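1. Just the structure for this:
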Amino acid sequence: MTKLGPEASDPLLPPQPAPHFPFASRPPPQDSRPPPYILLPAFPGRHIRRRPCCCNYSSYLLISAAIVTLVGLTLFLIWPTDLDLHVALIRIDRVRVFADPEDTISIDLSLRIRVRNPNFFSLHYDYVDVAIGYRSEPLGSIQSAGGQIPTRGVSYVDAELRIDGVQVIHDVFYLIEDFVRGSIPFDTVSEVKGILHLFFFNIPIKGRVSCSVNVNPANQTIVRQDCYPE
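-> Presented below is the predicted three-dimensional model:
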């Protein structure tokens, strides 16, 4: 049996401390390699110059598009347009047929031509010439005096046409038939010539239109009218 020393056997004594060595413990080894990292190239000057360039280019495009649109709209508004001509009224005042010595016919007509100026500038017209025919046969023509048409305005030109001694052979029978039927077909060719006042410039302008007009001789109204420019 092993004997304990007096210090260990005495339960009243405090326990002995652990032995202390004079040298310090070595720290854990450290990694001498540097931490990994990524270098990103930065070009602040290039980005600063590119953005204003793109902005300026976009601004130039917008300004150019606005200028082109404005110029196109201005040209569209001020560009001269052909006049609009229509027969507003054909009134048959008198019709006479002569069988001796030859088959002739005399007709008195009253015409009203509607002239519309679609332009944004006033128009001074020199004359309005109207030629009238029946079943592709010319009857006569008349020329009225000039006048003034305001901007985008309408003017009516009245004219009277007297046709005396027109020789007919078979047309007189067609005319009587048309009277009975209540519709007389006439062919008209209207022409107007004038000057369009555009700022400080005078632009010559002319309009010509052909119309096929059916007139009711009972109430002197236009039953049908088909017009097309020439």
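
2. tell me the mean pLDDT over stretch 116-132?
-> Along stretch 116-132, the predicted confidence averages to a pLDDT of 84.

3. repeat for stretch 212-227
-> The model assigns stretch 212-227 a mean pLDDT of 84.

4. Check stretch 154-168 too.
-> This predicted structure assigns stretch 154-168 an average pLDDT of 76.

5. list the buried ones in stretch 143-162?
-> Buried residues in stretch 143-162, defined by neighbour count with 16 or more other CB atoms under 10 Å: 144, 147, 149, 155, 157, 159, 161. For the C-beta atoms, the positions are set from N, CA and C on the backbone; glycine is no exception.

6. So what touches the strand or helix carrying the fifth one?
-> If you go by DSSP states H and E, residue 157 is part of strand 154-167. Contacts made with strand 154-167 from outside it, assessed by CB atoms under 8 Å, 6 or more residues apart in numbering, are listed as 88, 98, 102-117, 128, 130, 132, 139-142, 144, 147-149.

7. which of those residues count as buried?
-> For the contacts of strand 154-167, burial is judged from neighbour counts taken by 16+ other CB under 10 Å, and it is met by 88, 103-105, 107, 109, 111, 113, 115, 117, 128, 130, 132, 139, 141-142, 144, 147, 149.

8. name the helices or strands packed onto the helix or strand containing residue 128?
-> Counting by DSSP H and E, the secondary-structure element that holds residue 128 is strand 123-134. Counting contacts by 3 or more CB pairs under 8 Å, 6 or more residues apart in numbering; DSSP states H and E, the secondary-structure elements packed against strand 123-134 are strand 104-116, strand 137-144, strand 147-149, strand 154-167, strand 184-198.

9. Would you mind giving these as JSON lines with distance to residue 226 added?
-> Converted to JSON lines, the helices and strands packed on strand 123-134 look like this (distance: least, CB to CB, whole Å):
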{"stretch": "strand 104-116", "distance to residue 226": "15"}
{"stretch": "strand 137-144", "distance to residue 226": "18"}
{"stretch": "strand 147-149", "distance to residue 226": "24"}
{"stretch": "strand 154-167", "distance to residue 226": "20"}
{"stretch": "strand 184-198", "distance to residue 226": "10"}
